[in-house]
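>>> What follows is a predicted structure for the sequence shown.
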Amino acid sequence: MRTFITIKDLGGFTSAGELLGRSQPAISLQVKKLEEILNTKIFLRGSSLELTEDGEYLYQAARQILEINDQIIAKVRGENVSGKVRLGIPNDFELAFLPKALRNLSRVYPNILIEVDCEISKVILQRYQKGHYDIALAMEREKESESRDSRDYRLEHLEWVYKEGHLANYDDDPVPLIAYPQGCIYRSIMEGALRAQEYSYRFMYTSTSLLGIFSAVEEGLGITAMASSVIPDHLKHVGSTVNLPSLEQVCIGLHYKEPELNVASRHVLDFLRSGIANL
């Protein structure tokens, strides 16, 4: 069941094998055995790994079963892990990422205290280098080559975000921008894309708060850019339009010093990796 859930969450047999430390044939064999035990098909074989009706039911039930399983093992084995973990995370991932990623952690390891600090990624990385955090999640520009563990990062499309009915034709007028302060990668990429296409622009609203950014967009003060996984459902987004330049990808990644991680930090790291996979 754990293999099945991992395949669904990561969207592939190969990715699941890399995370679980098993070969692709071994992963396929586990799925085959699971289907034989249940006498049903759980995946619709095709270009994408969509679940059958039985597969959808199994997915929800299996998650609950595994949560209970992990709680039992942690308690019976006496693994009463405790400790404080200092975590730095970008503002816009506090709402979209953190509660989901740490919800199961608190159930399995209730004595681990997470001390969270939210800022723009540039500040997070500066503080991490000074030793303020045990683990940091930060957003950076996509690199030509990436040496980190594949579980520690993911690439995200950056998209323009606006309120419905407030996306104007900006061929003549300056593009009204809403952004975090100087140093924010979103802000830098927006400016670079507009300058490259010789668009004029002006900043209508700047805020250090994600809710402040959302409020300004909702009021129609201007447009902003965000990673696709954190855009709220009630706001519109476009990868590119006739009158807006396309935006580059960004890398969302974890930073930590392996030798310095204690038991509590390692458990938090595992759940954060799962959260990144499920964005």
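Received it, and whenever you're ready, just let me know what you need.
>>> show me what contacts residue 275?
Residue 275 makes contacts with 97-98, 100-102, as judged by CB atoms under 8 Å, 6 or more residues apart in numbering. Where C-beta positions appear, they are placed from N, C-alpha and C, glycine not excepted.
>>> Closest to residue 144 out of the residues you listed?
Closest approach between those and residue 144, by CB to CB: residue 97, at 25.8 Å.
>>> three-state assignment of the closest residue to the closest one other than its chain neighbours?
Nearest residue to residue 97, sequence neighbours excluded (CB to CB, 6 or more residues apart in numbering): residue 275, at 5.7 Å. Per DSSP: H, G, I helix; E, B strand; the rest coil, the secondary structure class of residue 275 is helix.
>>> how close does residue 275 sit to residue 164?
Applying CB to CB, to the nearest Å, the value for residue 275 to residue 164 is 29 Å.
>>> In PyMOL, how would I select just the buried ones from the contacts of residue 275?
Selecting only the buried entries of the contacts of residue 275 in PyMOL, with 16 or more other CB atoms under 10 Å as the criterion:
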select buried, resi 97+98+101+102
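>>> Just the closest of the contacts of residue 275 to residue 149, please.
Looking across the contacts of residue 275 and measuring by CB to CB, the closest to residue 149 is residue 101, at 16.8 Å.
>>> chain center to the strand or helix carrying that closest one: distance?
Residue 101 belongs to helix 98-108 when assigned by DSSP states H and E. When C-alpha coordinates are averaged (CA atoms, centre = their mean, to the nearest Å), helix 98-108 and its chain have centres 14 Å apart.
>>> residues in contact with that helix?
Taking CB under 8 Å, 6+ apart as the rule, helix 98-108 contacts 67, 70-71, 74, 89, 112, 114, 116, 267-268, 271-272, 274-276, 278.
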